[in-house]
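Peer 1: I'll drop the sequence and a predicted model, then ask my questions.
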Amino acid sequence: MEPQLLTAEDGARDFREAVRAFIFERECRGLSPNTIGWYNERLDKFCRWVEAESPQVTPATITPDLLRRYLNATEGRGVSVATINASLRAVKALYSFLEAEGYVEVNPTRRVPYRKEANRLAQVLSEEELRALLAQPDQKSFVGVRDHCLMLLLLDTGLRISEALGLRLSDIDWSENAATVMGKGSKERRVCFGLTCKRSLWRYLKQRGEIPGQECLFTTIHGEGLKYYQAAHRIRAYGRKAGIPQPVSPHTFRRTCATMLLRSGASPFHVQTLLGHSSLEMTRRYCRVANQDLAALQRAHGVVDRLRAPVRK
């Protein structure tokens, strides 16, 4: 439902009204439901904290110091620095909107910097871990066949889990072994999958059968569209059963796909196109992971060592 029109006084006085106006503006810009949900989740936590901590504070009177206290409280929940920065990013977006619309005169978030994140390499799975992980689903059951197929598709294409779960039956081009997906920012792109993945899809669809009125490719046993939390929960459980030390998430397949492609010789530009990145910045992170085994490559393929030139005394 469209929110009531706000005056500058309304937006400056009430956090909930300010957030509603911000969300409505983002919806008008055509942001995806996932992005809208991301803003809603983080800004709701921010509003609840402010209401509990300083109920007299308004969007126009909040101070940078209070914002820093909010970040410290978020950190106290034991979350990562990336999660803290995500919370701040949502609040900064809110205040940029409030400032641009004239709801507030001063943007207090300008004086609150992001936390410095450790420049860590992304975790990816080895081939042995992948084999162990893919062996976990019980392929004598519908759920096991579906989960195995979903994991193969994520690994083969590098799709985001939201993109995979958003696929419809009509998005699959069987003659080209390809799928048309809707990515971030409502950007459409085409990804291809191999013969093994194609056979797995056929097997899954044979189990799935036709469900009247249901176009989602991946469904539950009850014929409803599979949700993110359902898929993430099962993939995490498969990772534990496989004995993989680090937690396995749907995004682990995306990172592993990109890294293995780069290690096998694919160009960063090809990986950027496949993953739907708007720039090479994210792809560079996978390049850093792929370059971890440069020492092993040097030992195996070093030019000078391979020449084995005799040394004369």
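Peer 2: It's in.
Peer 1: in the stretch 51-200 of the chain, which segments are predicted with low confidence?
Peer 2: Applying pLDDT under 70 to the stretch 51-200 of the chain flags the ranges 118-122, 185-186.
Peer 1: in it, which spans are helices?
Peer 2: Counting by DSSP state H, counting those that start in this stretch, one finds helices in the stretch 51-200 of the chain at the ranges 64-75, 81-100, 127-134, 142-157, 161-165, 195-208.
Peer 1: Same list (the ones you listed) but as a markdown table, adding mean neighbour count and distance to H251.
Peer 2: For the C-beta atoms, the positions are set from N, CA and C on the backbone; glycine is no exception. What follows is the helices of the stretch 51-200 of the chain, written out as a markdown table (neighbours: other Cβ atoms under 10 Å; distance: least, Cβ to Cβ, whole Å):
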| stretch | mean neighbour count | distance to H251 |
| --- | --- | --- |
| helix 64-75 | 16 | 21 |
| helix 81-100 | 18 | 12 |
| helix 127-134 | 16 | 14 |
| helix 142-157 | 22 | 9 |
| helix 161-165 | 20 | 7 |
| helix 195-208 | 16 | 18 |
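Peer 1: of all those, which lies closest to R20?
Peer 2: Closest of those to R20 is helix 81-100, at 11.0 Å (criterion: Cβ to Cβ).
Peer 1: related to what we said a few turns ago, any chance of the helices of the stretch 51-200 of the chain in a markdown table, with distance to E188 too?
Peer 2: A markdown table is the format used below for those (distance: least, Cβ to Cβ, whole Å):
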| stretch | distance to E188 |
| --- | --- |
| helix 64-75 | 35 |
| helix 81-100 | 25 |
| helix 127-134 | 29 |
| helix 142-157 | 14 |
| helix 161-165 | 10 |
| helix 195-208 | 20 |
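Peer 1: So for E17, which of the ones you listed sits nearest?
Peer 2: Comparing the helices of the stretch 51-200 of the chain under Cβ to Cβ, the one sitting nearest is helix 81-100, at 10.7 Å.
Peer 1: and that closest one with helix 64-75, angle?
Peer 2: Angle of helix 81-100 versus helix 64-75, following axes from the mean of the first three to the mean of the last three Cα atoms, to 10 degrees, is 150 degrees.
Peer 1: Give me the contacts around helix 81-100.
Peer 2: Helix 81-100 is contacted from outside by 11-12, 18-19, 21-22, 25, 38-39, 42-43, 45-46, 59, 67, 70-71, 74-75, 104-109, 112, 114-118, using Cβ atoms under 8 Å, 6 or more residues apart in numbering.
Peer 1: Can you check which of the helices of the stretch 51-200 of the chain gets nearest to M182?
Peer 2: Smallest distance to M182 across the helices of the stretch 51-200 of the chain (Cβ to Cβ): 6.9 Å, for helix 161-165.
Peer 1: Of all the helices of the stretch 51-200 of the chain, which one is nearest E53?
Peer 2: When the helices of the stretch 51-200 of the chain are compared by Cβ to Cβ, helix 64-75 sits nearest E53, at 7.3 Å.
Peer 1: For Y229, find the nearest of the helices of the stretch 51-200 of the chain.
Peer 2: Per Cβ to Cβ, nearest to Y229 of the helices of the stretch 51-200 of the chain: helix 161-165, 10.3 Å.
Peer 1: For that closest one, which helices and strands make contact with it?
Peer 2: With contacts taken as 3 or more Cβ pairs under 8 Å, 6 or more residues apart in numbering; DSSP states H and E, helix 161-165 sits against helix 142-157, strand 178-182, helix 228-241, helix 250-263.
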